[in-house]
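1. quick one: sequence and predicted model below, then my questions.
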Amino acid sequence: MNDIYHNGNRDLQNHFNSTKLADRVSDLIVHESITEQERDFITTRDMFFISTVDEQGRPTVSYKGGNVGFVRVIDEKTIAFPSYDGNGMFLTAGNIALNHEVGLLFIDLEQPQRLRLHGSATVVLDDPLLDEYVDAEYMIRVTVRNLFLNCPRYIHRYQKIEQSDYIPKKGCVTPTPDWKKLDAVQDVLPKKP
């Protein structure tokens, strides 16, 4: 039996008489290593959501986007992705520095499918993969605790219209977002090397 359920889950499963169903679903789909199908799904995404919690247990969730394949599957237990220039708050990375537990949700909104991945993350400032990403500031590596493809029935279908102009590209200067041009932040913007 894996460690996906805790007392809060169990209390609700008992209340709604779904304990046997929950156990069967867990037995059928939850596992600890990335399969070839999951590798293909993860590496063909251009976005995902990541949840983290701070030292007081307060959660936050972030959207991460990049070119298709920006998330690398290193091996059957490890994924890695770059972090690009942001707003300087470091909510995700700061939480990871204090509490390594993360949850990731990969979604295909055009051909509804989703994958949940839970694990332990680290911020790696000198990761050798940094050289493979234009303008990446650091890498986040996640060691998989468990993952599973999840039922897509409630996923609304959307069509991608265009990719963000702000995703760093080789041979191009990444445009500056409008908010970084505001007078109110000019005196506090970090100097770039």
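-> Yep, that arrived. Remember, predicted model here, so these are calculated numbers, not experimental data. Numbers count the residues shown, from 1 in each chain.
2. quick check: next helix or strand after the least confident helix or strand in the chain by mean pLDDT?
-> The least trusted helix or strand in the chain, going by mean pLDDT, DSSP states H and E, turns out to be helix 19-29, with a mean of 94. Sequence-wise, the next helix or strand downstream of helix 19-29 (DSSP states H and E) is helix 36-43.
3. helices and strands around that following helix, which ones?
-> strand 72-75, strand 101-108, strand 113-124, strand 138-150 (3 or more Cβ pairs under 8 Å, 6 or more residues apart in numbering; DSSP states H and E). The way it works is simple: take the backbone N, C-alpha and C, and place the C-beta from them, glycine included.
4. buried residues of the helix or strand just after that helix, list them for me.
-> The C-terminal neighbour of helix 36-43 among helices and strands, as given by DSSP H and E, is strand 47-53. By neighbour count on 16 or more other Cβ atoms under 10 Å, the buried set for strand 47-53 is Met47, Phe48, Ile50, Ser51, Thr52, Val53.
5. among those, which one sits closest to Gly119?
-> Gly119 lies nearest to Ile50 out of the buried residues of strand 47-53, by Cβ to Cβ, at 10.5 Å.
6. list the contacts for that closest one?
-> Residues counted as contacts of Ile50 (Cβ atoms under 8 Å, 6 or more residues apart in numbering) are Val61, Ser62, Lys64, Thr92, Val102, Gly103, Leu104, Leu105.
7. export these to a markdown table and tack on pLDDT?
-> Compiled in a markdown table, the contacts of Ile50 are given as follows (pLDDT from 0 to 100):
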| residue | pLDDT |
| --- | --- |
| Val61 | 98 |
| Ser62 | 97 |
| Lys64 | 97 |
| Thr92 | 97 |
| Val102 | 98 |
| Gly103 | 98 |
| Leu104 | 98 |
| Leu105 | 98 |
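8. ChimeraX command for the buried members of these?
-> Applying 16+ other Cβ under 10 Å to the contacts of Ile50 leaves a buried subset, and the ChimeraX line that selects it is:
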select :62,64,92,102,103,104
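9. what's the closest of the contacts of Ile50 to Gly171?
-> Nearest to Gly171 out of these is Lys64 (Cβ to Cβ; 23.1 Å).
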